[in-house]
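Trainee: Next one to model:
(one chain, ligands or ions: 1)
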Amino acid sequence: MSQKRAKRPDRRREHGAPKSQARPAQARPDADEPRQAPRPPATLKRRDAPLPAERLPLILEVKPNDDYALLDSGDGQKLEQYGAYRIIRPENQAIWLRALPERDWQNADAIFTGDTEEEGLGRWRFPGTPLGETWPMRHDGIHYLGRFTSFRHVGVFPEQASHWDHMAGLIEKAGRPVKVLNLFGYTGVASLVAARAGAEVTHVDASKKAIGWARENQAIAGLQDKPIRWICEDAMKFAEREERRGSAYDIILFDPPAYGRGPKGEVWQLFADLPALADLCRRILTPKPLAVVLTAYSIRASFFAIHALMRDSFAGMGGTVESGELIIREKSAGRALSTSLFSRWVAS
Ligand SMILES: C[S@@+](CC[C@H](N)C(=O)[O-])C[C@H]1O[C@@H](n2cnc3c(N)ncnc32)[C@H](O)[C@@H]1O
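Mentor: Numbering: from 1, shown residues only. I've put the predicted structure just below:
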């Protein structure tokens, strides 16, 4: 956590998360929103079936590109290029020294200050011209909006691009209609990538605001005619309902925070709830599924933990479970910044 933010309570730290893989929970309900008790533990039965093959460690890397680049990092900060803007944000893992000269850092368009008195744009400083809340961004030709948010995010997690590209490849190769479920979908870039690749997409997020941003992104991408269902709901409840209805998906993405809340105050706690959600994901797959992709961050765990969970959850289904880390490669000195753990089951 940045020294400047030290006064603000940080949910990650409250929940004992390490400083690494630090992508905090997004859903921050107001104090007067309903709170529910944690979910009762699910009764899961271990599947006595052959485990999928395994491939690990697998490090999926995002290199500097025209849409996004990690320009430099060091001294607890990172300097990134998001479309036309250069942005400085805290980065606890950057315990090394900066490789670029000071003038490159001074040219930044926006700096996250994390001012505890402020919300939204007030938590950002713009050394030159004051900037608006959003700006044009692109991923592989898909247009969407970058966004200065109070919680230091910018409306996209660029390291996810490795998953997006892999998923788009599976959809395009399938040669048949593909249904994708994107749980914890945030601003929807994954949903847009899937829809453009030809899938029918269901996007679920607990935050009404995030769903609004995602719909706005769909319009900006010019993908309004693509079949995307935008659903503001608790991810677990939605998956349970889909099972009851007999709905099924060929690809499921789930990128849960360490801690979050559904719209009705449903509590999400990764360590307690992930096994049940992974099991549910398996139960709502089509007979010929393609992949199930899990990302985890801000937790004190190794990718071996989610690897073991995913292999158990997909026992008897053949295929391979691949696990490792998502990293971003820095442009200045080529250092790797780890952002998340992942584990994915991929059909053979
Ligand atoms: C880190 S974001 C996911 C990022 C997304 N995969 C992407 O690449 O853009 C986590 C999301 O989970 C949502 N969330 C938190 N708790 C939830 C819950 N119980 N059910 C559904 N969504 C939830 C948050 O609103 C937030 O948008």
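
Trainee: tell me the SS of the closest residue to the ligand within the stretch 201-348 of the chain?
Mentor: Proximity of the stretch 201-348 of the chain to the ligand (CB to the nearest ligand atom) peaks at Gly260, 2.3 Å away. C-beta: built from backbone N, CA, C; applies to glycine. Per DSSP: H, G, I helix; E, B strand; the rest coil, the secondary structure class of Gly260 is strand.

Trainee: Wait, it touches Leu274, no?
Mentor: No: with contact taken as CB atoms under 8 Å, Gly260 and Leu274 are classed as non-touching, separated by 11.9 Å.

Trainee: give me the low-pLDDT residue ranges for the chain?
Mentor: By pLDDT under 70, the weakly predicted segments of the chain are 1-34.

Trainee: separation between the most centrally placed residue in it and Gly132?
Mentor: The chain has Asp255 as the residue nearest its centroid, 4.9 Å off, counting by CA atoms, centre = their mean. Taking CB to CB, to the nearest Å as the measure, Asp255 and Gly132 are separated by 27 Å.

Trainee: how about Leu70, phi and psi?
Mentor: phi -80, psi 100 (degrees, to the nearest 10).

Trainee: and it, what are its bridge partners?
Mentor: In this structure, Leu70 bridges to Glu80, Glu330 when assessed by DSSP bridges.

Trainee: which residues does it contact?
Mentor: Counting by CB atoms under 8 Å, 6 or more residues apart in numbering, Leu70 makes contact with 64, 78-80, 328-331, 337.

Trainee: Tyr82 now?
Mentor: 68, 135, 137, 146, 154, 156, 158.

Trainee: quick one: is the strand or helix carrying the third one near the ligand?
Mentor: Right, Met137. Secondary structure assigned from DSSP states H and E places Met137 in strand 134-139. No: using CB under 6 Å from any ligand atom, strand 134-139 stays clear of the ligand, coming no nearer than 10.6 Å.

Trainee: returning to what we had before: for the residue nearest to the centre of the chain, which non-adjacent residue is spatially closest?
Mentor: Spatial nearest neighbour of Asp255, excluding adjacent residues (CB to CB, 6 or more residues apart in numbering): Thr295 at 4.3 Å.

Trainee: Ramachandran coordinates for the one you found?
Mentor: When read as degrees, to the nearest 10, the backbone of Thr295 gives phi -120, psi 140.

Trainee: Bridge partners for it, pull those for me.
Mentor: Per DSSP bridges, residues listed as beta-bridge partners of Thr295: Phe342.
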